[in-house]
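Trainee: structure for this input, please:
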Amino acid sequence: MAQQQIWQWSTRTTLLASGSEKVFYDVLKRSMDILLATALIILLLPLLLLIALLIKLDSPGPVIFTQERVGAKRQRFGNYRFWVVQNFTFYKFRSMVRDADPSLHEAYVKEFVEGRAQASPESGGKFKLINDPRVTRVGRLLREFSLDELPQLFNVLKGDMSLVGPRPVPPYEVAGYQARHHNRFAAPPGITGWWQVKGRCRVSFEEMIRMDVDYIRNASLWLDLKILFLTIPAVLSRKGAE
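Mentor: This is a model prediction of the structure:
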């Protein structure tokens, strides 16, 4: 029961108050998120429908996989704006069999956070589960080109995520964080980010945290645009994907 309570962690936690200097950037970032996410959904609608059809034909179960993830949102109190950490419902195209047992991934994440996971030659030097029996045939193709991530555009429109930001993580990963690791929650979670384009699945947990914090400290609209452009060759090269 104690473990279940930890993994269902959803207490709203206030972190890192910020002044007015970031307000203009926040407004521009949110405007860009809405415009680009809307445009991409319209442009990619035929592809989204095709993927949905292939998933239904390949294996029984829902098209969309939902999971609780941990992210941050800004809230205002008087003249102060705060990051508030909370759970949200995260969308992906289903790439696994229906009702897949999550314990395999939970065990690996625990090892990764604790620094015990190793990047093996079999995985191409990646910190990633390989030969996962839960992944479907269509799911492997979707993951290879990161197409399973496309429904997160709707998370962006809802305001749960941004196009660019630290990777959103499940509560059972946060349960293993030390206090300093929570600094990565001083930004909205993103579909892509500095870790995704520069170190995806190829760096240790501590290095991933460092990359996320570096992004937060240097966040700007130009950096966000740079990361968005770098995402294109990263996806096409299938860097870190399975």
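Trainee: which neighbouring elements make contact with the longest helix seen in the chain?
Mentor: Longest helix of the chain, by residue count under DSSP state H: helix 23-43. Where contact means 3 or more CB pairs under 8 Å, 6 or more residues apart in numbering; DSSP states H and E, helix 23-43 is packed against helix 152-158, strand 162-164, helix 221-236. All C-beta atoms are positioned from the backbone trio N, CA, C, and that covers glycine.
Trainee: nearest to Val27, of the ones you listed?
Mentor: Each of the helices and strands packed on helix 23-43 has some distance to Val27 by CB to CB; the shortest is helix 221-236, at 10.3 Å.
Trainee: now the helices: where do they sit in the chain?
Mentor: Applying DSSP H to the chain gives helices spanning 2-7, 23-43, 45-58, 103-113, 137-144, 152-158, 171-174, 194-198, 205-217, 221-236.
Trainee: could you give the mean pLDDT of the first one?
Mentor: Just to be clear, that refers to helix 2-7. For helix 2-7, mean pLDDT rounds to 38.
Trainee: residue ranges with poor pLDDT in the protein?
Mentor: 1-21, 78-79, 117-131, 200-201, 238-242 (pLDDT under 70).
Trainee: could I get the CA-only coordinates of the longest helix of the chain as CSV?
Mentor: C-alpha atoms of helix 23-43 as CSV (Å, rounded to 0.1, in the frame of the first residue of the first chain):
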residue,chain,number,x,y,z
VAL,A,23,6.3,36.7,-18.4
PHE,A,24,6.9,37.9,-21.9
TYR,A,25,8.7,34.7,-22.9
ASP,A,26,5.9,32.6,-21.4
VAL,A,27,3.3,34.5,-23.4
LEU,A,28,5.3,34.1,-26.6
LYS,A,29,6.0,30.4,-25.9
ARG,A,30,2.3,29.6,-25.2
SER,A,31,1.2,31.5,-28.4
MET,A,32,3.8,29.5,-30.5
ASP,A,33,2.6,26.3,-28.9
ILE,A,34,-1.0,26.9,-29.8
LEU,A,35,-0.3,28.1,-33.4
LEU,A,36,2.1,25.3,-34.3
ALA,A,37,0.2,22.5,-32.5
THR,A,38,-3.0,23.5,-34.3
ALA,A,39,-1.3,23.8,-37.7
LEU,A,40,0.4,20.4,-37.2
ILE,A,41,-2.8,18.7,-36.2
ILE,A,42,-4.6,20.0,-39.3
LEU,A,43,-1.6,19.2,-41.6
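Trainee: give me the angle between that helix and helix 45-58.
Mentor: 60 degrees (axes from the mean of the first three to the mean of the last three CA atoms, to 10 degrees).
Trainee: which parts of helix 23-43 are buried?
Mentor: For helix 23-43, the neighbour count (16 or more other CB atoms under 10 Å) marks Lys29, Met32, Asp33, Ala37, Leu40, Ile41 as buried.
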